[in-house]
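**Q** mind folding the following:
(3 chains)
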Amino acid sequence: MRFSSDIQELVRSRVKGMSLEAPFYKAPEIHDLDIEAIFAQHWVFVAVEPELPEPGDCITVQIGAASVLILRGDDMGIRAFHNVCRHRGAKLVDEAATTIGNIVCRYHGWTYNEDGDLILAEHMGADFDKSCHGLKTVHVRSLAGLIFICLAENAPEDFEEMARVIEPYLAPHDVANCKVAHTYDLIEEGNWKFTLENNRECYHCEGTHPQLTIPLSEFGFGFSVDDVDERRSEDVNNYMAAVERDHARWEANGLPSIEEERLSNVTGFRTMRLPLMGEGESHTLDTKVASKKLLGELADPKLGGLSFWTHPNSWHHFMSDHIVTFSVLPLAPNKTLLRTTWLVHKDAIEGQDYNLDNLKQVWKMTNHQDAELVRLAQLGVEQSAYEPGPYSQYTEPHVEAFCSWYLERLEAHLQASQPMIAAE
Amino acid sequence: MRFSSDIQELVRSRVKGMSLEAPFYKAPEIHDLDIEAIFAQHWVFVAVEPELPEPGDCITVQIGAASVLILRGDDMGIRAFHNVCRHRGAKLVDEAATTIGNIVCRYHGWTYNEDGDLILAEHMGADFDKSCHGLKTVHVRSLAGLIFICLAENAPEDFEEMARVIEPYLAPHDVANCKVAHTYDLIEEGNWKFTLENNRECYHCEGTHPQLTIPLSEFGFGFSVDDVDERRSEDVNNYMAAVERDHARWEANGLPSIEEERLSNVTGFRTMRLPLMGEGESHTLDTKVASKKLLGELADPKLGGLSFWTHPNSWHHFMSDHIVTFSVLPLAPNKTLLRTTWLVHKDAIEGQDYNLDNLKQVWKMTNHQDAELVRLAQLGVEQSAYEPGPYSQYTEPHVEAFCSWYLERLEAHLQASQPMIAAE
Amino acid sequence: MRFSSDIQELVRSRVKGMSLEAPFYKAPEIHDLDIEAIFAQHWVFVAVEPELPEPGDCITVQIGAASVLILRGDDMGIRAFHNVCRHRGAKLVDEAATTIGNIVCRYHGWTYNEDGDLILAEHMGADFDKSCHGLKTVHVRSLAGLIFICLAENAPEDFEEMARVIEPYLAPHDVANCKVAHTYDLIEEGNWKFTLENNRECYHCEGTHPQLTIPLSEFGFGFSVDDVDERRSEDVNNYMAAVERDHARWEANGLPSIEEERLSNVTGFRTMRLPLMGEGESHTLDTKVASKKLLGELADPKLGGLSFWTHPNSWHHFMSDHIVTFSVLPLAPNKTLLRTTWLVHKDAIEGQDYNLDNLKQVWKMTNHQDAELVRLAQLGVEQSAYEPGPYSQYTEPHVEAFCSWYLERLEAHLQASQPMIAAE
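**A** The predicted structure is shown next:
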């Protein structure tokens, strides 16, 4: 595992349709490569605009060894910088979220404005050229209020394709006029790819997620006809009827309802509307809306769920009354941060329009149930006896799609950086 | 230390009669090799049969990167499997001990029967061959109730020699009709070989173990005549008298009493009966039996102690009234699990036939005293100034025997796996 | 970073006047090299004589992988040994400070006298030669009561030059007749060089140390004339006047007052007297002496501060009434022990002659303020975007001097050990 040729061999020898070899989930070298080739080269979802409502609002995000400072400027534009002073390298903003005027280093007082220009540096003498010591910038884009950053020098251009396709789906939910009702950080004891793989199938839902599956049918995520017995046959028919019913409803409300899937794009993504069963309105225990104040101009609570998945690290569920976004960031080969954010209309009043416990309950429980599966998957792959097993072609095609995308992106990176690595 | 040739050089350059070079106790590479060459290739003591009295009773044991599930079947036979699902590799049984029917994976419900056969896997389609996806088996043997497992493809065959020699010694203590009175896990802050070396001599007993040495004479473990002064001379004579007295008693009770030693076997072992001094009956503070209910058909409480040591990781003390077994498992170069289990007759009633505190007191104290010495030994060997020192030929021959066996087994493994390692 | 040639390249490619490249602060290989090339080859300040006032008093100090036992003998001389038994290598003295007669190993009772000679080892037989198994010695020197040790086989000889120059400065403070009033261990979350670099400039003082700068002027540590505005101009003039006033006072008291600087010596050092502003007497919040009992024969409380800095790991402030010494020891690439010791006259009585809180307050606060800067510096250098930035030639020349010395010493060591490393 010492040399990139070993990793390349491992990438190439993968058998399609089978889970990945153990080193992908536990080798420190591959964790480092994941940061370098995946998280530092692609558009990564890190926050939502309502986290920075006012000029001077600032958050910091850690991606591998990069701390990024994201700032809303006086012109309401969003900027991102590497969070490190150009003098002796101290970290500039140590808080997760704060409000600032200029960016002042606490060590020797070097001061940068909101565009990252160095505007004050004492005792450096008359010859010192401040203009060479501005902060280093990071690419940042908002997709209908979802903030993505890219650490690469040249960010993948097909972000525009994703934006063009997806914005019409998200726009009616009007993220700009939302507020953050709750944020929950869960550190999962497994590799980040286990968190993603778990998210890309619902094969495990029936046995694991009693709350989530009250309004949500597992059959929306695929099944094998061989396993549809009498009881299930009725469930499948119910699901099919709900799909037909809701497609009509979506079109009547002017909402795009076609499934869009570009999972092999560099900036891979997929969106799909899923009906909620029966009288279901939202992802809550009683399946009713969690917030009385519907989002944007929406008037019909029964819009089902709009799901949006992106490679490498996010998924999002948009309901008529609230939005839940998920950002996945690797912390170590066996440690992953899952940040969940619940958004409601900015005018919704807690205790009156919504009850916070009710709002967050289903996904908080679901996250913890998934975290337990991720933990068991990690414990399995750390065993000497682990070997890749077969994915179901019926219920796990999106897991396969994620793994294929991941390996292709690794391969592309390894080829592009070949000379550099050979010289290591 | 990067290449196996360095380790081989280190193995070969060892001076007989001297403690090992520092890397054997602290290098991560040698820790990994110890797992691979010693713990994954030899018979390792992990449990006693009374831990799994009923069909469906199941325990899990971690040896290096292998989690092993040990199960009693409906036919009362004991089976062992690698504890990992053949689908996406989740760990199957996460508990240390439980009772199960079939083995059901919590991730997607794949189900195995008690023989490890895959009997249920939904959504895999009509073509899927379940018979190729059964659990991987692990060798398991019970020696008079002591459970040993071996992770190697081909387990060492001389386990049979040990079983043949040792069973007559252990049988009278009738482990099958014992129950576990107490289990105590102690994590020692030192390399596992320090735990073993400490166990293989009593040179340290006089200064360290005031409780253990009430009935047990240090002279049973060797001494230099040069150091036998007047006071000690009397102790030695007392010990010699006790040996003579007890050998007669053992033979009268039909118990084999010859010392057996096959420490250079692949499955190396040794057994010896040690008299308890004076009126001593058992390893307790008052030297009386801890449990009124003697084991098996035994009727005489004054049988001394029968000790049984095995390479690489166990020792056991059998008294007339109770048994104490010790299993040593490496957790890290400087961290070792010592599991101690106390057994009494299954019909003995706590509070009536035995007092638990009294039963476990001597060995709990002794374990902690030894753990402190292991900690100091580790702190020493981690110093740059450490160099191997001389073993006493009188009081440390079994430490030397353990080290010799260990190095021979490493050497054998390194030679056998040469081509694989050269290609690393 | 795997091979010493990479490190050598990194050492040689350094741009003068710029902060060091990131690996110097975070690479485990360079941490190991720092221990080997810097801390094991140079004179390291570890303690003061008042910590061992009586024969048999003993302290232990950990430098990298070496535990050193420092002992005052019956002849009042100070000895230092590697703290490891020559039998099976157990650590001998586990306490930070204790009083002992002979040095007795707790494992098997091997016993050494105060000169490190093995005087008792049981059960080793008649042929065993005790004289070959004495403790390994470590170089130790006291400079006017400050204890330095050197782990190298051949200790740098220019310690004598430092002793000759510095003793006249320190002697009037009479360390031998001091007592330890307080010791404070602070573990800083950064590389040891950040702790040193922080100590070698006061550019950060104005923004960071409100307590320290009550009596102490930042202008004693350099400034750029370009940044001296009207307000500051007055401060500078005040400082200049204080320097003139105090130089006269020092000479009148018979105290050497010339600044001495040998920062490129192998045993690099520097000393300087700094005036305390206004009526300032000592490093306290009210700027008055913390202890009524002045040190040695000193009679004038207003002697300012005498500072003494040594490469690689110490600084010391001597006032008329008390002394503060600082010893820096690396624990990990990002973890450093800063031990601060406050000394007062041995006859000073707590609560009467001095108040302990008042004595330690300024430097305890200052240490914590600096630790926070060291933490931010480490967080910065661990970021992928860090790159070396420029030192101020006015306020950071001693940081530059420290870095130059450090790299020269690394280079010297790498060249001397070339063949050994090439063979790795």
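**Q** quick check: closest non-adjacent residue to the residue nearest the centre of chain A.
**A** By Cα atoms, centre = their mean, chain A has its centre lying nearest to A:Ser314, at 1.8 Å. Sequence neighbours aside, A:Phe45 is the residue nearest to A:Ser314 in space, at 3.6 Å (criterion: Cβ to Cβ, 6 or more residues apart in numbering or on different chains). C-beta here means a position set from N, CA and C on the backbone, and glycine is covered the same way.
**Q** would you verify that the one you found is located in a strand?
**A** Yes: secondary structure of A:Phe45 (DSSP: H, G, I helix; E, B strand; the rest coil): part of a strand.
**Q** show me what it bridges to in the sheet.
**A** A:Phe148 (DSSP bridges).
**Q** what's the local residue count around it?
**A** Using other Cβ atoms under 10 Å in any protein chain shown, A:Phe45 has 23 neighbouring residues.
**Q** swap in the one 5 residues further on?
**A** Neighbour count for A:Pro50, taken as other Cβ under 10 Å: 19.
**Q** tell me the secondary structure for it?
**A** A:Pro50 ends up helix, using three-state DSSP.
**Q** relative to A:His173, how far out is it?
**A** In this view, A:Pro50 and A:His173 are 12 Å apart by Cβ to Cβ, to the nearest Å.
**Q** go ahead and confirm the residue nearest to A:Ser314 touches A:Asn313.
**A** Yes: if you go by Cβ atoms under 8 Å, A:Phe45 and A:Asn313 touch, sitting 6.0 Å apart.
**Q** what do the two both touch?
**A** The contact sets of A:Phe45 and A:Asn313 overlap at A:Ser327 (Cβ atoms under 8 Å, 6 or more residues apart in numbering or on different chains).
**Q** so which residue of the stretch 251-400 of chain A comes closest to chain C?
**A** Nearest residue of the stretch 251-400 of chain A to chain C, counting by Cβ to the nearest Cβ: A:Leu331, 13.7 Å away.
**Q** tell me the phi and psi of that residue?
**A** Taking degrees, to the nearest 10, you get phi -110, psi -30 for the backbone angles of A:Leu331.
**Q** tally up the residues packed near it, please.
**A** A:Leu331 has 14 nearby residues by other Cβ under 10 Å.
**Q** wait, it sits on A:Ile187?
**A** Yes: using Cβ under 8 Å, A:Leu331 is in contact with A:Ile187, at 6.9 Å.
**Q** between these two, which contacts overlap?
**A** Jointly contacting A:Leu331 and A:Ile187 under the rule Cβ under 8 Å, 6+ apart are A:Leu337.
**Q** got the contact list for the residue of the stretch 251-400 of chain A closest to chain C?
**A** By Cβ under 8 Å, 6+ apart, the contact list for A:Leu331 reads A:187, A:337.
**Q** same thing with A:Arg249?
**A** A:300, A:302-304.
**Q** wait, is it part of a helix?
**A** Yes: according to three-state DSSP, A:Arg249 belongs to a helix.
**Q** so it versus A:Met272, what's the distance?
**A** A:Arg249 sits 15 Å away from A:Met272, taking Cβ to Cβ as the criterion.
**Q** for chain A, what are the low-confidence residue spans?
**A** Along chain A, the model assigns pLDDT under 70 to residues A:1-3, A:418-424.
**Q** need the contact list for the single nearest residue of chain A relative to chain B.
**A** Proximity of chain A to chain B (Cβ to the nearest Cβ) peaks at A:Ala385, 3.4 Å away. If you count contacts by Cβ under 8 Å, 6+ apart, A:Ala385 has them with B:66, B:82-84, B:136.
**Q** out of those, list just those in strands.
**A** Of those, the ones assigned to strands by DSSP state E are B:66, B:82.
**Q** quick check, nearest of the contacts of A:Ala385 to chain C?
**A** Ranked by distance to chain C (Cβ to the nearest Cβ), the contacts of A:Ala385 are led by B:Ala66 at 28.6 Å.
**Q** so what's the residue count around that closest one?
**A** When neighbours are defined as other Cβ under 10 Å, B:Ala66 has 22 of them.
**Q** A:Thr284 now?
**A** Count around A:Thr284 with other Cβ under 10 Å applied: 25.
**Q** the residue nearest to it when sequence neighbours are not counted: neighbour count?
**A** Spatial nearest neighbour of A:Thr284, chain neighbours left out: A:Ala290 (5.0 Å); criterion: Cβ to Cβ, 6+ apart. Neighbour count for A:Ala290, taken as other Cβ under 10 Å: 27.
**Q** report the contact partners of the residue nearest to A:Ser314.
**A** A:Phe45 is in contact with A:146-148, A:310, A:313-314, A:325, A:327, counting by Cβ under 8 Å, 6+ apart.
**Q** and A:Leu407, that's in a strand?
**A** No: read with three-state DSSP, A:Leu407 is helix and lies in no strand.
**Q** isn't it right up against A:Ser13?
**A** No: contact criterion Cβ under 8 Å: A:Leu407 and A:Ser13 do not qualify, at 10.4 Å.
**Q** which one of those two has more residues nearby?
**A** More crowded of A:Leu407 and A:Ser13, by other Cβ under 10 Å: A:Leu407, with 17 against 8.
**Q** can you tell me how far the nearest residue to that one once chain neighbours are set aside is from A:Asp74?
**A** Among residues not flanking A:Leu407 along the chain, A:Val11 sits closest, at 5.2 Å (Cβ to Cβ, 6+ apart). A:Val11 sits 46 Å away from A:Asp74, going by Cβ to Cβ.
**Q** and those two? Which one has more around it.
**A** Using other Cβ under 10 Å as the criterion, A:Val11 and A:Asp74 rank with A:Val11 on top: 21 against 8.
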